[in-house]
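Participant: any chance you could fold what I've pasted below:
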Amino acid sequence: MPKDMTSIRHDRLSKVMAFLQSKVKASHSEIYSVGEYTSNRTFQNDLYYLRGVYGADIKYNSHKKLYVMESAGTFQLNLKITKHEIEALTAGLSMAAHFLPHLKKSSDSLWDKLRNYIPEKIISHGSEIVRTTMMSLPIAEIDAEIFNTLIEAKHSKRALNILYSAPEKMPKQWILSPYDFYFRGNAWYMVSYNHKFENLGIHRISRIINASISDEKYILPEEAGFTEDYVLSAWHVIPGFEKFLIKVHITEPLAESLREIKWHPTQKIENSKEGGIILTAEVPNLYEVARWVMSGAPHIEVIEPEELKKIVKSFAEEILSKY
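Facilitator: Next comes the predicted model:
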């Protein structure tokens with residue numbers, strides 16, 4: 001940190017940077033007020049410092065008389081943090097590198113800058129916590145650049161050209177408007193609007209061979225009927241607008257462990273007179289529930305609907321036919 005960087009000035013610059021990032025465009029008087037300036041000279045010196053040292057691209061539009069933040073550049077932090085906050089940072093950076101591959105290089109770079117200032121004993125505490133988490137939650141390998149392209153397209157509201165390889169099918173080219181991303185069952189998924197079929201679709205990101213920005217018009221989420229609750233509707237991976245009321249009887253010892261798990265936002269659990277629990281929920285896809293029922297056999301019994309019973313029965317018959 002430069003010798004003339006007092007804590008007072010550092011705090012002032014941090015406030016101005018945070019304000020410009022949230023506002024993007026701001027007048028002289030607005031920035032002046034946020035920085036609590038008492039002289040225009042100090043104000044101009046701070047802008048010069050932010051542009052030169054921070055690398056912030058702050059331009060002045062003389063026609064509109066507004067300052068515009070084109071890019072933030074770098075940040076300089078002056079923080080007091082506790083032992084537990086350091087442990088959280090250690091674990092968080094490791095998890096970010098593992099679960100968010102497009103941030104791996106940045107996570108590793110940030111960690112290299114920080115670790116020289118942190119006692120090794122505290123580092124080891126955070127590392128021990130996260131090591132077993134990553135071992136028990138491996139993720140499908142995805143290309144960091146592709147993931148970054150998808151995220152940028154969502155935030156900038158741009159359509160995408162993707163080449164997608166579904167299991168046992170030839171790769172296909174799609175034009176999509178990306179809406180959301182979620183992590184389920186060791187893999188990342190993207191919810192988007194398919195311009196060809198004119199409906200919402202789910203794509204496993206590890207199966208996207210390449211992705212680029214499309215010249216096609218981006219379809220806004222509300223035009224496609226998409227809401228944030230759409231992703232939450234999934235029992236496991238597949239969300240949807242259909243609603244099937246399911247009711248299952250779960251017996252011990254499985255019932256005891258399932259009492260502690262929130263499987264679905266709509267689920268309700270009550271004790272059964274026969275022992276165990278009764279779980280009810282509204283789900284969009286019965287096949288995912290059927291596979292879950294099979295994974296808990298023989299301790300999960302379907303009460304309703306009849307269609308779910310038939311699917312479970314067909315799965316069981318298929319298994320028995322192989323023995």
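Participant: my read: Asn285 touches Gly240, true?
Facilitator: Yes: between Asn285 and Gly240 there is a contact under C-beta atoms under 8 Å: 6.0 Å. For every residue, glycine as well, the C-beta is placed using N, CA and C.
Participant: mutual contacts of these two, please.
Facilitator: Residues touching both Asn285 and Gly240 (C-beta atoms under 8 Å, 6 or more residues apart in numbering) are Ala234.
Participant: neighbour-wise, which of those two wins?
Facilitator: Asn285 (18 against 15; other C-beta atoms under 10 Å).
Participant: if you count neighbours, what's buried in stretch 187-195?
Facilitator: Ala187, Trp188, Tyr189, Met190, Val191, Ser192, Tyr193, Asn194, His195 (16 or more other C-beta atoms under 10 Å).
Participant: now that stretch: average pLDDT?
Facilitator: Confidence over stretch 187-195 (mean pLDDT, whole number) is 96.
Participant: CA-only coordinates of that stretch in CSV, if you can.
Facilitator: Written as CSV, here are the backbone C-alpha positions of stretch 187-195 (Å, rounded to 0.1, in the frame of the first residue of the first chain):
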residue,chain,number,x,y,z
ALA,A,187,-23.3,-31.6,-12.1
TRP,A,188,-24.1,-28.1,-13.2
TYR,A,189,-27.3,-27.4,-15.3
MET,A,190,-28.5,-24.4,-17.3
VAL,A,191,-32.2,-23.5,-17.7
SER,A,192,-32.8,-21.7,-21.0
TYR,A,193,-35.3,-20.9,-23.7
ASN,A,194,-34.8,-23.0,-26.8
HIS,A,195,-35.4,-20.7,-29.8
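Participant: give me the contacts around it.
Facilitator: 139-140, 142, 147, 150, 159-160, 174-183, 199-206, 216, 219, 221, 224, 226, 230-231, 237, 239.
Participant: coming back round to it: so which of the buried residues of stretch 187-195 comes closest to Lys322?
Facilitator: Set against Lys322, the nearest of the buried residues of stretch 187-195 by C-beta to C-beta is Ala187 (26.6 Å).
Participant: pull the contacting residues for the closest residue to that closest one other than its chain neighbours.
Facilitator: What sits nearest to Ala187 in space, not counting adjacent residues and going by C-beta to C-beta, 6 or more residues apart in numbering, is Ala140, at 4.1 Å. Residues counted as contacts of Ala140 (C-beta under 8 Å, 6+ apart) are Asn186, Ala187, Trp188, Arg204, Ile205, Ser206.
Participant: quick check, nearest of those residues to Pro253?
Facilitator: Distances from Pro253 to the contacts of Ala140, taken by C-beta to C-beta, are shortest for Asn186, at 25.4 Å.
Participant: burial count for that closest one?
Facilitator: A count of neighbours around Asn186, defined by other C-beta under 10 Å, yields 11.
Participant: Thr227 against Pro239, yeah?
Facilitator: No: counting by C-beta under 8 Å, Thr227 does not reach Pro239; the two are 10.5 Å apart.
Participant: wait, a strand at Val248?
Facilitator: Yes: under DSSP: H, G, I helix; E, B strand; the rest coil, Val248 sits within a strand.
Participant: relative to Arg291, how far out is the closest residue to Ile205 other than its chain neighbours?
Facilitator: Nearest-residue entry for Ile205: Trp188, 4.3 Å, with adjacent residues in sequence omitted and distances by C-beta to C-beta, 6+ apart. Note on Trp188: its distance to Arg291, by C-beta to C-beta, to the nearest Å, is 20 Å.
Participant: pretty sure Arg158 contacts Ser212?
Facilitator: No: the criterion here is C-beta under 8 Å, and Arg158 misses it with Ser212 at 10.0 Å.
Participant: who has more neighbours, the two?
Facilitator: The neighbour count for Arg158 versus Ser212, taken as other C-beta under 10 Å, is higher for Arg158 (17 against 11).
Participant: please, which helix or strand holds that one?
Facilitator: Here Arg158, judged by DSSP states H and E, is contained in no helix and no strand.
Participant: so what's Leu110 closest to, chain neighbours aside?
Facilitator: Leu110 sits nearest to Leu93 (C-beta to C-beta, 6+ apart), 6.4 Å away.
Participant: on the C-terminal side of the one helix or strand that neighbour maps to, identify the next helix or strand.
Facilitator: Take DSSP H and E as the rule and Leu93 turns out to sit in helix 83-99. Downstream of helix 83-99, the first helix or strand assigned by DSSP H and E is helix 104-114.
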